[in-house]
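Participant: Provided below for reference: sequence and predicted model.
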Amino acid sequence: MGAAPAKLNWTKLLNGDRRRKSSTDKSVEHRVAFERDYDRLLFSTPVRRLADKTQVFPLERNDSVRTRLTHSHEVANLARSIGTTIASAPYAEKLGLANFPDLHRIIPSILASVGLAHDLGNPPFGHQGEYAIQSWMLRNSVNQKTDKSSFGIFDDVPELTDAHRNDFLKFEGNAQALRLLTRLQIISDDFGLNITYGTLAALMKYPVPSDRTDKNIQVRKKFNFFQSEAAIVDEIWKATGLMEGVRHPLTLIMEACDDIAYSVIDLEDAAKKNLISIHDLLASLTYSKDGRDTLDPRINAICQKSKERENEFRQFDLSAPELSDICMQMLRVQAIGLMVNDVIEAFVDNQDAILSGAFNGELLAVSKSVGLRKALKAFAKKHVYSHRSVIEVELEGHRTIHALMDDIWKAITNRGSKDFTKTRDAPPFSAYVFSRISENYRRAAQRSTMPMRYRELQLMTDMISGMTDSFAVNLCRELRDLR
């Protein structure tokens, strides 16, 4: 794995080159490369699909509750705001970036791009979709004598390494996002959206392969690239001066913004669904087993301000739901403001460790908001994520993905040819299912140089991950009716 670099170099970290040289006429192009990254992402199909992918509440009909798309836009906005601040004169000077050209355009654009793209690889039904893919792979990894439906996907396939198998047994939406951007979006070549090296590097929260993860080390908790993209990642690291296990500094900011959104904004959605109220949250934040008021200054400030605002809003003769809703909105505004400022401070204070590759934590965890984040997450885990209505729909999503994977895997392995673009003498049902797999994904499998079994499994995960919640449910019903 090698030692960490002596010190990361901002000039290399902010590398605006692309894997395929752009043919854009520079005389008419006034955007910097990283601004073009954001625009390419914004207009891409995977971003639009996020509108029908789960954030917390699967298949939610309340249009004021966030989807994965609104979540991603909010993370992008928070990240861009922090980027604007750290690119401003006083902070840029502290970071040694005072003379970097176009810094005020580059850093906010990179952060907005990775904020928008960070969940692009997530399958339908949120993290439950990832668990469903992983559990299907484990269940079908070898033939089970007690389960005749088990496929034995790794049986008698000696060419598959541990890393190959772990790519699927530990399937990761983070790795799928990188694959989307570098492989799957433009069907005429293998460059995807041809995003800059700097943006691609900042997107990788877990810059390690699937066979070198470690739950006890933050940067290795998960993985961020499949073996099919390992050579691309080596290219990205070479261009930016990074290496395995060392994050791009801006990745830490994107991660913090995602964490802020989960910590604060998910609670606002839960209140809109009447799963909790502002009073439930405030009571939890101020509760202590020994009866003393909490001593955390961030929590005290938020609770005190919320009570003051509730008294102010009562004069407008609002209904109880309206009062709870507006108070929750104001709490969200205040909490995000505090946490954003604390993330900026933590980033600057820890810059030496970050730039030496030695920082192995989270910015919020070393910030003044650490207690607030912990309290908010504990409340959400107890009262939101474990709510029966959430679990019931997640279970349906799990069953849907497993049923689809069963049908798609049979179709792929019964196609009757090594060719991925067509079938030969396949059973009618399998031929139909195979025809429903995206032609783009099939062409990617055809071009791939990975082992055949790996290509077959990846074709299936490409298809599943690209589905929206509604598409997955409807396709599952359609195939069930055709059996």
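Facilitator: On my side now, so go ahead. Residues are numbered from 1 along each chain as shown.
Participant: quick check: next helix or strand after the worst-scoring helix or strand of the chain on mean pLDDT?
Facilitator: Least confident helix or strand of the chain, by mean pLDDT, DSSP states H and E, is helix 266-272 with a mean of 85. Sequence order places helix 278-286 as the next helix or strand after helix 266-272, per DSSP states H and E.
Participant: and the next helix or strand after that next one, which residues are buried?
Facilitator: For helix 278-286, the following helix or strand on the C-terminal side (DSSP H and E) is helix 297-313. Neighbour counts over helix 297-313 (16 or more other Cβ atoms under 10 Å) mark 298-299, 302-303, 306, 309-310 as buried. Placement of C-beta: from N, CA and C, glycine included.
Participant: do stretch 97-110 as well
Facilitator: Neighbour counts over stretch 97-110 (16+ other Cβ under 10 Å) mark 97, 100, 103, 105-110 as buried.
Participant: that one: end-to-end distance?
Facilitator: Start to finish, the residues bounding stretch 97-110 are 15 Å apart (Cα to Cα, to the nearest Å).
Participant: pLDDT on that stretch, on average?
Facilitator: For stretch 97-110, mean pLDDT rounds to 95.
Participant: wait, doesn't Val348 sit right on Glu93?
Facilitator: No. With contact defined as Cβ atoms under 8 Å, Val348 does not reach Glu93; the gap is 10.6 Å.
Participant: and the two? which has more neighbours close in?
Facilitator: The neighbour count for Val348 versus Glu93, taken as other Cβ atoms under 10 Å, is higher for Val348 (15 against 11).
Participant: which residues sit in contact with Asp425?
Facilitator: Shown in contact with Asp425 (Cβ atoms under 8 Å, 6 or more residues apart in numbering): Gly416.
Participant: would you agree Leu180 falls within a helix?
Facilitator: Yes. Read with DSSP: H, G, I helix; E, B strand; the rest coil, Leu180 is one of the residues of a helix.
Participant: and for Asp189, the neighbour number?
Facilitator: 11.
Participant: also Val32?
Facilitator: Neighbour number of Val32 under other Cβ under 10 Å is 15.
Participant: contacts for stretch 370-377?
Facilitator: Counting by Cβ under 8 Å, 6+ apart, 259-260, 262-264, 267, 284-285, 296, 298-299, 302, 335, 338-339, 364-365 sit against stretch 370-377.
Participant: render the CA-only coordinates of it in CSV, please.
Facilitator: Extracted in CSV, the C-alpha atoms of stretch 370-377 (Å, rounded to 0.1, in the frame of the first residue of the first chain):
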residue,chain,number,x,y,z
VAL,A,370,-19.6,16.8,17.5
GLY,A,371,-22.1,16.6,20.4
LEU,A,372,-25.0,18.1,18.4
ARG,A,373,-24.4,15.6,15.5
LYS,A,374,-24.3,12.7,17.9
ALA,A,375,-27.5,13.7,19.6
LEU,A,376,-29.4,14.3,16.3
LYS,A,377,-28.3,11.0,14.9
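Participant: off-centre distance for it?
Facilitator: The chain centroid and the centroid of stretch 370-377 are separated by 21 Å, computed with Cα atoms, centre = their mean, to the nearest Å.
Participant: where does the stretch 351-483 of the chain dip in pLDDT?
Facilitator: Counting by pLDDT under 70, the stretch 351-483 of the chain shows no low-confidence range.
Participant: can you give me the pLDDT of Gly173?
Facilitator: 96.
Participant: i'd like the first residue to be 108 from this point on
Facilitator: Taking 108 as the first residue, the last one we looked at is Gly280.
Participant: next up, the contacts around it.
Facilitator: When contacts are counted by Cβ under 8 Å, 6+ apart, Gly280 touches 226, 228-230, 234, 236-237, 572.
Participant: pLDDT of the longest helix seen in the chain, averaged?
Facilitator: Taking DSSP state H as the criterion, the chain has its longest helix at helix 427-456. Throughout helix 427-456, pLDDT has a mean value of 92.
Participant: how far off centre is that helix?
Facilitator: The answer for helix 427-456 is 22 Å, by Cα atoms, centre = their mean.
Participant: try stretch 518-535
Facilitator: 33 Å.
Participant: export that stretch to CSV, keeping only CA atoms.
Facilitator: Taking Å, rounded to 0.1, in the frame of the first residue of the first chain, the C-alpha atoms of stretch 518-535 are listed here in CSV:
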residue,chain,number,x,y,z
ALA,A,518,-31.7,-14.1,-18.4
ILE,A,519,-27.9,-13.3,-18.5
THR,A,520,-26.7,-16.8,-18.0
ASN,A,521,-29.3,-18.3,-20.4
ARG,A,522,-28.5,-15.9,-23.3
GLY,A,523,-26.9,-18.7,-25.2
SER,A,524,-23.9,-16.8,-26.3
LYS,A,525,-20.7,-15.1,-25.1
ASP,A,526,-22.1,-12.0,-26.8
PHE,A,527,-23.8,-9.5,-24.6
THR,A,528,-25.6,-7.6,-27.3
LYS,A,529,-28.1,-10.4,-28.3
THR,A,530,-29.4,-13.8,-27.3
ARG,A,531,-29.3,-17.2,-29.1
ASP,A,532,-31.9,-19.9,-28.5
ALA,A,533,-32.7,-18.5,-25.1
PRO,A,534,-35.9,-19.5,-23.4
PRO,A,535,-38.7,-16.9,-24.3
